[in-house]
Every structure is written in structure tokens, then in C-alpha cells.
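[1] I'd like to go over a predicted model; first the sequence, then the structure.
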Amino acid sequence: MPSVKRETSNVKAQRANVRWRFAEIFGEEAAAVVRAPGRVNLIGEHTDYNDGYVLPVAIDRSVVVAAAPRDDRQVVIHALDFGESVMFSLDDIEHDLVKTWSNYQRGVAYFLEERGIELPGLNAVVVGDVPIGSGLSSSAAVEVSLAYTWQMLAGFKLSRVELALLCQRAENEFVGMNCGIMDQFVSTLGQRDHALLIDCRSLDYQTVPLPPGAAVVVADTMKRRGLVDSEYNTRRRECEEGVRILQRYLPQVQALRDVSTDQFVENEGQLPENVRKRCRHIIYENERVLRSVAVLRAGDLAAFGRLMNESHASLRDDYEVSCAELDIMAEAARKVDGVYGSRMTGAGFGGCTVSLVAEGAIEDFRAQVAAVYEEATGIVPQIYVCRAEDGVSKP
Ligand code: GLA
């Protein structure tokens, strides 16, 4: 999307700020500065933990870390956004029940050590502009930025896929959020001006160029995702129940990814109502992701927009993870001339929509969507034009 006028990236300013604050706080120069991006998922929602397909983009909103190794085993992290510091020993990594933001970093340290990697202690300053709790994966960006920083400073070498898996493990087993692999994967392996088609079973991926002439626009409902953890786990269990029942009729099925739409239509009568709806979403959503890649590669933005709209309807009616604010935002977006499609993105229950918008319609989008949304909800939304960025890197 080379000719779209985008918001200026904050990365330069963040890097200078984080270096300067590091020197001020620790009285030494940072030995490494690393940025890891948040993400927006174009399509393929809740499919990752069903061994399915997703199509996310790493965005130009990121978490930036400045750090230097210590010669003891202490880790000191100062989070500029919270104005708080934590200190812990690598020999005794415990949960922090008060400064819960540090559990993402503690989890990364814990699982690096568990792999037998002897880490040096660390002084670090962290800052980010991925809005927290908005479904743009600030937590994955925090995990990936720290894992990569340690890799640079400690000299071990994990592949990018291994880094992503380790960060997912930190989130699953240390933080206790049972997420799939999408967020950490794209924060690690994302590619500028491209989306990633990820096969969440094999972890193979392909880059898919974003179409010229259109922009990926994120609209934040500003509704923070309250219910998300418990409902997320409920959805996972319902999908697993669907697999268990379908296996009686289709013994080769290991995950919903293995069920074709024809097989679903033949067997859906065996499933209880709520499980049937969850399975229907996942099975058709996987198909929508693959069709999306084909139509995007063919430059058919209208077809991709229709698939986005269908995905939203399915998440709203079958998977039941949307909410009034997301529905209002997506509908307002679709009424703007030049919008190809719009849908909720991320886990749901609040957070953001993602829309594909013709370059010439971005200003109308901002004005009209903000006005309609504010009128309906009384809330002023945040609207960002996103640039597809590289995964974790030295900025
Ligand atoms: C959250 C999780 C991801 C994925 C999405 C829904 O962002 O972290 O793994 O499951 O929800 O698609």
C-alpha cells in the first residue's frame, strides 16, 4: 500500500525515549534496543487453537525494550507506561500478584531457563503504544520483545518459530491465558506490507501481499474485554466437545480443522445446539481464510470484503463472541462508500474492528464511523490506519 498516507510511526521517538530513560534510570548505556509489534487479524478468528488457519498482520504499534545484561541473576524491569518497576531473581521466578504486567516477562524468563538456557540478569526499560486490552496483542508484543532481547544479549539462538512457541507457553502456563499461537507467531515472523497465512497445525506460513489502493483500518470501541478469559476457555471446551462427538462418526478427525463443510452438514445433527454453532463457525471460518488468500492474491477486494463481513456475522451469531459495540462499529463502517468489508478482530467481547478501506475513503471513514459510533454509544472511538510491519527486530 505504498501511496496510502499513514500516521507517522512512533518507533523512532520511542527508541530515543527508551534509550534516554534507560541511561537516566540505570546510569549506563543500553546494550540492545528491540521492538516487537502488536497485530491485527484480517480473518480467521478462534481458528488457531483448532489447528486451523489465520491471516494476521503485524502492525506499526509496538513494544520497545532497551536493556543491558547484569553480572548477577537479578532482573530489573521498569515499565514507563505504568511508572512502575519490578525486581526478581532468575533463581526464584514467582508470580507477581500486584504488578501483574510483569508476569508476561517473568513467564518468558521462566521458560527460557527451563530450556536449560543460562540467562544473565537484566536491566530493562519497556514502553509501548499497543493499546492494552484492545485485542491488538500487547501481551504477545511484551513477551516477544523480551525473549528477543535476551537472545541478543545472552547469545543463545532459537529460531523465530521456537521463540514464538516459547512466548505462547509463557502466556499459557505462567500467565494462565490459554491462547493459541497466532499472536506470538505474527509478532515474531510478521512481514512489512504483508499479511501472514499461518497453518496453526504445521506452523508453515506464507506471506500474502496487502493489496495496493486499500488500507487496513482499526477502530477501537474502547470497550475493554471483560469476559474474555472465561468465555475464551468455554469456547475452547465447546470446540473440544465437538471434536469428541464428531470422532464417533469421522474417526480420522483430530481437530475441527479436519472437518470439511460437507462432513459438517452430514453430521451436525449429532451435536448439541451450542456446540453445533461453535463448530459451524470454525469449520466455515477456516474455509473463508483460504478463500480470502485466493481472492487477495487475485486483487479482488470486494470478494475479500464480503468474506470479512461473513466472518463477523458468524462470530456474532454462531460463535457468540461479539458485543453491541463491535456490531455497531462494523455496521457503521460498512455504510461508508469505499469500505470493502468490516469485522471484529481478536478474541471479542470488546476491543477493535478491522476494515479494508479504499485509500480515497479513509477520511470519510474516520468522520462517519466516529460520528455514528459516538451517537449510538456515547463513546469516542480511536481509529488507526495500520501499516503492516516486520516482526520483532532491532529498530
Ligand atoms: C486471542 C488469542 C489468539 C486467538 C484470538 C482469536 O487473541 O490470543 O490466540 O485465539 O484470540 O482468534
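    Nice, thanks for sending it over. Predicted, not measured: the structure shown is a model, and the values here were computed from it.
[2] Tell me which residues touch Lys394, please.
    Applying Cβ atoms under 8 Å, 6 or more residues apart in numbering, we find Lys394 in contact with 32-35, 152. Using the backbone N, CA and C atoms, a C-beta is placed for each residue, glycine as well.
[3] Neighbour-wise, which one of the residues you listed leads?
    Comparing the contacts of Lys394 on neighbour count, Val34 comes out first with 29 neighbours (neighbours: other Cβ atoms under 10 Å).
[4] Phi and psi next, for that residue.
    When read as degrees, to the nearest 10, the backbone of Val34 gives phi -130, psi 140.
[5] list the contacts for it?
    64-65, 67, 145, 148-149, 152, 392-395.
[6] Let me see the ranges of the helices in the stretch 101-250 of the chain.
    Using DSSP state H, counting those that start in this stretch, the helices of the stretch 101-250 of the chain run over 103-114, 138-154, 160-169, 182-189, 228-249.
[7] May I see these organised as TSV, with distance to Gln382 and mean pLDDT added?
    Output for those, formatted as TSV (distance: least, Cβ to Cβ, whole Å; pLDDT from 0 to 100):
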stretch	distance to Gln382	mean pLDDT
helix 103-114	23	98
helix 138-154	14	97
helix 160-169	26	98
helix 182-189	20	98
helix 228-249	19	94
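[8] Just the local confidence number for Ala303, please.
    In this model, Ala303 is scored at 98, pLDDT.
[9] Val275: which element?
    Assigned by DSSP states H and E, Val275 belongs to helix 273-297.
[10] returning to what we had before: could the contacts of Lys394 be laid out in CSV, adding distance to Ala313?
    Below are the contacts of Lys394 laid out as CSV (distance: Cβ to Cβ, whole Å):
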residue, distance to Ala313
Ala32, 45
Val33, 43
Val34, 39
Arg35, 36
Met152, 44
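[11] how about the residues of the stretch 51-200 of the chain near the ligand?
    By Cβ under 6 Å from any ligand atom, the part of the stretch 51-200 of the chain that sits against the ligand consists of 179-180, 182-183.
[12] So which of those wins on neighbours?
    Asp183 (31 neighbours).
[13] roughly how far apart are that residue and Asp327?
    Distance of Asp183 to Asp327, computed by Cβ to Cβ, to the nearest Å: 23 Å.
[14] For the closest residue to the ligand within the stretch 1-150 of the chain, which residues are in contact?
    Nearest residue of the stretch 1-150 of the chain to the ligand (Cβ to the nearest ligand atom) works out as Glu45 at 4.1 Å. Residues counted as contacts of Glu45 (Cβ under 8 Å, 6+ apart) are 54, 285, 311, 315, 319, 321, 343-346, 348.
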